[in-house]
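> What follows is a predicted protein model with its sequence.
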Amino acid sequence: MGSHKHHAIIHIIESLQQQLQLIISDTEELENDILPNYRKVNQSTTAEDFDKVLTAIKEQEEKNCVPVHKAGRYTIKSVDVLLKRPGTLKVMDDHVVFSTIQSPFGDDDKYLKSVQCVGRDKILTTGNACEIKQIDRTGVILQTIPTHDWDKGEFLFSLKDWYPVGLCYAKNWDLLVSMRTTDMELRRIVRYSGSTEIQEIQFNGLGQSLLSTDIAYLLPITENSNGDICVTDYAGMEVVVMDSSGELRFKYSGNPTYRNFRPLHIASDVNAQMLICDTLGNVIHIIDGDGSFVRYIEYPCYGGLSIDTDHNLVIGDRHSKSK
């Protein structure tokens with residue numbers, strides 16, 4: 001190891017130790033000075049009281065934790081966007097980044113592309129490498145699954161001339177798969193119960209395709225708490241939402257603040273709200289279960305997004321490099 005690299009490592013370690021001491025000091029301040037003022041929380045506590053606490057936490061996090069966050073290259077951030085008040089879950093006025101997780105895809109040629117929470121403690125990550133890596137909340141790799149060796153794969157059903165471009169589990173554990181034909185002329189959504197195809201969604205009442213065709217982009221898919229099927233049509237520049245029977249409910253094509261809209265990743269919370277990654281604006285759009293715009297979260301999301309079982313938003317920050 002060269003002398004320059006050795007001194008750089010020592011400098012980083014010293015910097016992290018200094019930041020750790022600041023965090024410990026500020027944590028004690030929060031516990032001794034701020035928390036006692038808000039310990040008696042009940043149904044009559046106002047939203048303003050909660051927001052004051054969250055603002056104080058955010059200020060300390062931004063002041064002391066950002067230098068630690070920037071030590072990573074491609075990162076995954078846990079972002080608290082749902083304010084957990086007694087009896088309700090509501091989108092907060094401002095998000096709070098409460099942890100940063102080092103992505104296993106950190107080389108220049110292996111960037112983070114998507115994240116998927118598995119319960120409370122595990123995250124599935126994918127990059128442009130031919131593998132899926134399961135990590136815990138500290139960034140430790142628990143399992144690596146190669147995806148390029150199809151000969152070793154186990155297939156539950158035959159797709160023939162169709163190619164899968166998105167999938168998710170429904171609330172009843174049916175499997176929803178978005179797919180296109182190998183010639184890219186048709187797209188559809190298929191619901192499977194086990195290995196049995198039980199539903200196909202492809203056209204509207206006029207016989208027109210519900211999803212754009214003639215292009216090879218992915219079709220990320222999820223089901224919200226209302227049972228609606230939500231698909232981000234990247235090529236069509238819109239989010240397509242259908243009810244459980246496959247009837248079109250609405251399409252969302254962005255908000256005037258960001259006129260060019262390219263949706264990619266999508267997740268849904270317990271309130272049936274949809275969180276949509278806009279790759280052009282590099283922001284997250286939140287819409288309600290009827291397609292009405294709620295707000296933006298101005299935060300990089302190109303590396304994917306998912307919601308864990310504690311209702312926290314987990315975001316993959318593809319371009320988070322040390323500076």
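Structure's in. What do you need?
> show me the contacts for the closest residue to I201 other than its chain neighbours.
Ranked by C-beta to C-beta, 6 or more residues apart in numbering and with sequence neighbours excluded, the top spatial neighbour of I201 is G246, at 3.8 Å. For every residue, glycine as well, the C-beta is placed using N, CA and C. Counting by C-beta atoms under 8 Å, 6 or more residues apart in numbering, G246 touches 189, 199-201, 229.
> Provide a list of residues in contact with Q199.
190-191, 246.
> Surely it is within a strand?
Yes. According to DSSP: H, G, I helix; E, B strand; the rest coil, Q199 belongs to a strand.
> partner residues bridging it?
Following DSSP bridges, Q199 is listed with bridge partners R191.
> got a pLDDT number for it?
Q199 is assigned 95 on the pLDDT scale.
> how close does it sit to L175?
11 Å (C-beta to C-beta, to the nearest Å).
> hey, what's in contact with both of these two?
R191.
> picking up where we left off before, look up how far V270 lies from the residue nearest to I201.
G246 is 24 Å from V270, by C-beta to C-beta.
> ok now do the residue lying closest to M242 once chain neighbours are set aside, which residues does it touch?
Of all residues beyond its chain neighbours, the one nearest M242 is I229 (4.7 Å), with distances taken as C-beta to C-beta, 6+ apart. Contacts for I229 were tallied using C-beta under 8 Å, 6+ apart; they are 176, 189, 201, 221, 223, 241-244, 246.
> And for I286?
Applying C-beta under 8 Å, 6+ apart, the residues near I286 are 91, 273-276, 293-297.
> Low-confidence ranges, the stretch 101-250 of the chain, go.
Residues of the stretch 101-250 of the chain that meet the criterion pLDDT under 70 lie in 106-110, 147-157, 214, 216.
> again, only using 90
101-141, 143-169, 171, 173, 180-186, 194-196, 205-207, 212-219, 235 (pLDDT under 90).
> now the strands: where do they sit in it?
In the stretch 101-250 of the chain, strands defined by DSSP state E, counting those that start in this stretch lie at 112-118, 122-127, 131-136, 141-146, 162-169, 175-181, 187-193, 196-201, 221-223, 229-233, 238-242, 248-252, listed in chain order.
> Can you give me the buried ones in the first one?
Looking back up the chat, that one is strand 112-118. Neighbour counts over strand 112-118 (16 or more other C-beta atoms under 10 Å) mark 112-117 as buried.
> How about the backbone phi and psi for A272?
phi 70, psi 10 (degrees, to the nearest 10).
> Does the nearest residue to it once chain neighbours are set aside fall in a helix, a strand, or a coil region?
Nearest non-adjacent residue to A272, counting by C-beta to C-beta, 6+ apart: G289, 3.5 Å away. At G289, secondary structure determined by three-state DSSP is coil.
> Tell me, how many residues neighbour G289?
18 (other C-beta atoms under 10 Å).
> repeat for D290
11.
> Ok, D183 next?
10.
> for the one 4 residues further on, same thing?
Number of residues near R187 (other C-beta under 10 Å) recorded here: 25.
> So what pairs up with it in the strands?
Those that pair with R187 in a beta bridge, by DSSP bridges, are R180.
> Pull the contacting residues for it.
R187 sits in contact with 165, 178-181, 202, 209, 211-213, 219, where contact means C-beta under 8 Å, 6+ apart.
> Separate out the buried members of those.
165, 178-180, 211-212, 219.
> pLDDT wise, what is Y299 at?
So, for Y299, pLDDT stands at 81.
> my guess is it meets D278, correct?
No. Contact between Y299 and D278 fails when scored by C-beta atoms under 8 Å: they sit 11.0 Å apart.
> Could you work out the end-to-end span of stretch 101-120 for me?
14 Å (C-alpha to C-alpha, to the nearest Å).
> Can you measure across stretch 256-267, start residue to end residue?
Per C-alpha to C-alpha, stretch 256-267 runs 22 Å from first to last residue.
> which two in the buried residues of strand 112-118 are spaced the farthest apart?
K113 and C117 (15.6 Å; C-beta to C-beta).
> mind listing what the helix or strand hosting V314 pairs with, with the direction of each?
For V314, the element it lies in under DSSP states H and E is strand 313-317. Here strand 313-317 has these sheet partners by DSSP bridges: strand 75-85 (antiparallel), strand 305-307 (antiparallel).
> rank those by pLDDT, which is bottom?
Among those, strand 75-85 scores lowest, at a mean of 48.
> hang on, the earlier thing: out of the strands of the stretch 101-250 of the chain, which comes closest to P263?
Across those, closest to P263 is strand 229-233 (C-beta to C-beta), at 4.0 Å.
> picking up where we left off before, from the contacts of Q199, which is closest to L264?
Proximity of those to L264 (C-beta to C-beta) peaks at V190, which lies at 21.2 Å.
> Spit out the contact partners of that closest one.
176-177, 179, 197, 199-201 are the contacts of V190 under C-beta under 8 Å, 6+ apart.
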